[in-house]
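Chemist: Fold the following.
(one chain, ligands or ions: 1)
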Amino acid sequence: MTVYLYRHTVIIRGCLLLLVAIFSGCSFLSPGPESAREAYWESLEEAGLAKTQLGLDWQEAGHEALASAVNTLPPVHERLWIEAGEIRAVAYQFQLQAGESVIAEVQSKDWKLAYLSQSSDGQPKAKARQTSGRLFLDIYRNDRGQWIPAGSFPKSSPWQADHAGSYLFLLQPELSRQGRFDIRIEVLPALKFPVSGKGPAAIQSFFGAPRDGGRRVHHGVDIFAQRGTPVLAAVSGPVTRTGDTPRGGLHVWQRGDHGRRLYYAHLDDILVTSGDFVKAGQIIGTVGNTGNARWTPPHLHFGVYQRFSGPTDPLPLLSGNTLRSPGAMPDELTSSRWQVNASKLYLRQGPSTRDRILLPLSRGQVLVSQAAAGSWIRVNTQAGDSGYVHGDYLSPLSVANPLL
Ligand SMILES: [Zn+2]
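Modeler: Numbers count the residues shown, from 1 in each chain. Down below sits the predicted model:
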């Protein structure tokens, strides 16, 4: 995958500097979303630091993190350490649906500045002192194989994806800084749940289930609730039609963002009229069993129709990935290299035994830790796979181990 980091051309920057001198600000000239990390890199270029070995290593760490990022399942809640002399960037890559919002937060602690000093024998010696520092958390969107800057936290939090696709969150402290970082990334659903007081657990019939003896499939989800329970608008948008048909009974059509049309059916009562603009969460009707649902218990049939592609499974749009607590975080990791000390251990997609198994690991296998998530450790295998294992099944490995 080609790596592409957006940078102003010399000409545009020259023009901006000239205009900045005339006006106090001219952000309207900015040709795309500005990335805090890229702006920092430009300041390094201006200060003459970009061409130093340290500067080049810093930029290369970002490129490498973009190029080697593996898919992660949100939510992420991890603690990671960037040590003295370690130039590192960390990337999290997600799939997002159009309209999903991301909340990201990084808390940093023990900021230190790494520097060189002379020891008594005249040799340069790496040292560190307490300081403060800046941290960059930038969002990139994958566009035909290239990573294009799409925003920066915390200014953009919560940040909404306009298109479905691959996104990447790149975390990197400024040059020569080290510290401990707690990162949390959560994804909020694209749609609000359309039945008051209920959640995805109330869905009892799913998209694609057979209907009419297999002659057609279910183009929505059925959300069961007591008759009269408020039905809520899943998005903000205009009501385009209301009516009563033999199949859907009393129903409402609403237009949403991102080319979506929403269909609410089997209502007991309709509380809006065509042309009304309703806000997400506003009551538009009540749960019933009108139309062909009259022999089944009251439920809302909820459908999403996507422009150009037709009926779409609403479930991924209704289920966000909000945080489950990973438990207490360790104060430090005693090693960065580990050996598997169990005969049966799996690399998993997330930090719990409920998460999907990625691959089996073998006793003695060497893993490199990237971060901690409670008692779990996110590791990379030597083959380049990335996932989580429980820390109880790992033994720290001394770097001086002659077997390595
Ligand atoms: Zn249905």
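Chemist: what does the stretch 101-250 of the chain put close to the ion?
Modeler: Contact residues (C-beta under 5 Å from the ion) of the stretch 101-250 of the chain with the ion: 220, 222. Any C-beta I mention is one placed from the backbone N, CA and C, and that applies to glycine too.
Chemist: mind redoing it with 8 Å?
Modeler: 205, 218-222 (C-beta under 8 Å from the ion).
Chemist: Any of the residues you listed buried? List them.
Modeler: Neighbour counting with 16 or more other C-beta atoms under 10 Å marks 218-222 as buried within these.
Chemist: Including secondary structure, could the residues you listed go into TSV?
Modeler: Below are these laid out as TSV (DSSP: H, G, I helix; E, B strand; the rest coil):
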residue	secondary structure
His218	coil
His219	coil
Gly220	coil
Val221	strand
Asp222	strand
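Chemist: can you pull the contacts of the closest residue to Ala372 other than its chain neighbours?
Modeler: Excluding the flanking residues, the one nearest Ala372 by C-beta to C-beta, 6 or more residues apart in numbering is Arg79, at 4.8 Å. Contacts of Arg79 were listed using C-beta atoms under 8 Å, 6 or more residues apart in numbering, and they are 180-183, 329-330, 371-373.
Chemist: okay if I get the residues of the stretch 101-250 of the chain next to the ion as a markdown table plus pLDDT?
Modeler: Conversion of those to a markdown table gives the following (pLDDT from 0 to 100):
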| residue | pLDDT |
| --- | --- |
| Ser205 | 92 |
| His218 | 93 |
| His219 | 95 |
| Gly220 | 96 |
| Val221 | 97 |
| Asp222 | 97 |
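Chemist: now, which of these sits nearest Pro316?
Modeler: Relative to Pro316, the closest of those is Val221; by C-beta to C-beta it sits at 10.8 Å.
Chemist: what is that closest one paired to in the beta sheet?
Modeler: For Val221, the beta-bridge partners under DSSP bridges are Phe302.
Chemist: which residues does it contact?
Modeler: By C-beta under 8 Å, 6+ apart, Val221 lies in contact with 203, 205-207, 301-302, 313-315, 318.
Chemist: farthest pair in the buried ones among the residues of the stretch 101-250 of the chain next to the ion?
Modeler: The widest separation within these (C-beta to C-beta) is 11.2 Å, between His219 and Asp222.
Chemist: Nearest to the ion: which residue in this protein?
Modeler: Closest approach between the chain and the ion, counting by C-beta to the ion: His301, at 3.3 Å.
Chemist: tell me the contacts of the nearest residue to that residue once chain neighbours are set aside?
Modeler: Counting by C-beta to C-beta, 6+ apart, His301 lies nearest to Ala265, which is 4.0 Å off, once chain neighbours are set aside. For Ala265, the contact set (C-beta under 8 Å, 6+ apart) comprises 220, 247-251, 291, 293, 300-303.
Chemist: Also Pro194?
Modeler: Contact analysis of Pro194 by C-beta under 8 Å, 6+ apart lists 223, 231-234, 264, 300, 302.
Chemist: hmm, 7 Å instead?
Modeler: By C-beta atoms under 7 Å, 6 or more residues apart in numbering, the contact list for Pro194 reads 223, 231-232, 234, 264, 300, 302.
Chemist: Name only those of those that count as buried.
Modeler: Neighbour-count burial (16+ other C-beta under 10 Å) is assigned, among the contacts of Pro194, to 223, 231-232, 234, 264, 300, 302.
Chemist: Quick check: strands, which of the residues you listed are part of them?
Modeler: Among the buried ones among the contacts of Pro194, the members falling in strands (DSSP state E) are 223, 231-232, 264, 300, 302.
Chemist: List just the nearest of these to Ser68.
Modeler: Phe302 (39.8 Å).
Chemist: residues from the stretch 251-400 of the chain in reach of the ion?
Modeler: Within the stretch 251-400 of the chain, the positions near the ion by C-beta under 8 Å from the ion are 265-266, 293, 299, 301-303.
Chemist: any chance of those in a markdown table, with pLDDT too?
Modeler: Compiled in a markdown table, those are given as follows (pLDDT from 0 to 100):
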| residue | pLDDT |
| --- | --- |
| Ala265 | 98 |
| His266 | 98 |
| Ala293 | 93 |
| His299 | 98 |
| His301 | 98 |
| Phe302 | 98 |
| Gly303 | 98 |
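Chemist: which one among these gets closest to Gly165?
Modeler: Using C-beta to C-beta, these come closest to Gly165 at Gly303, 23.4 Å.
Chemist: what's the burial count for the residue nearest to Gln306 when sequence neighbours are not counted?
Modeler: Leaving aside its sequence neighbours, Gln306 sits nearest to Thr312 (C-beta to C-beta, 6+ apart; 4.5 Å). Residues contacting Thr312 under the criterion other C-beta atoms under 10 Å number 17.
Chemist: now do Leu347
Modeler: For Leu347, using other C-beta under 10 Å, the count is 21.
Chemist: ok, what's across the strand from it?
Modeler: Leu359.
Chemist: Contact partners for it?
Modeler: 358-359, 361, 385, 387, 389.
Chemist: likewise Pro297?
Modeler: With C-beta under 7 Å, 6+ apart, Pro297 has these contacts: 224, 289.
Chemist: Quick check: bridge partners of the residue nearest to Tyr140 when sequence neighbours are not counted?
Modeler: Nearest residue to Tyr140, sequence neighbours excluded (C-beta to C-beta, 6+ apart): Trp147, at 4.0 Å. Beta-bridge pairing of Trp147 under DSSP bridges involves Asn142.
Chemist: returning to what we had before: and the least confident of the contacts of Leu347?
Modeler: Scanning those for pLDDT, the low point is Asp385. It has 88.
Chemist: element containing the nearest residue to Thr229 once chain neighbours are set aside, please.
Modeler: Using C-beta to C-beta, 6+ apart and skipping residues adjacent in sequence, the residue nearest Thr229 is Val287, 4.4 Å away. Secondary structure assignment for Val287, by DSSP states H and E: strand 283-287.
Chemist: just checking, what packs against that strand?
Modeler: Secondary-structure packing of strand 283-287 (3 or more C-beta pairs under 7 Å, 6 or more residues apart in numbering; DSSP states H and E): strand 230-232, strand 260-270.
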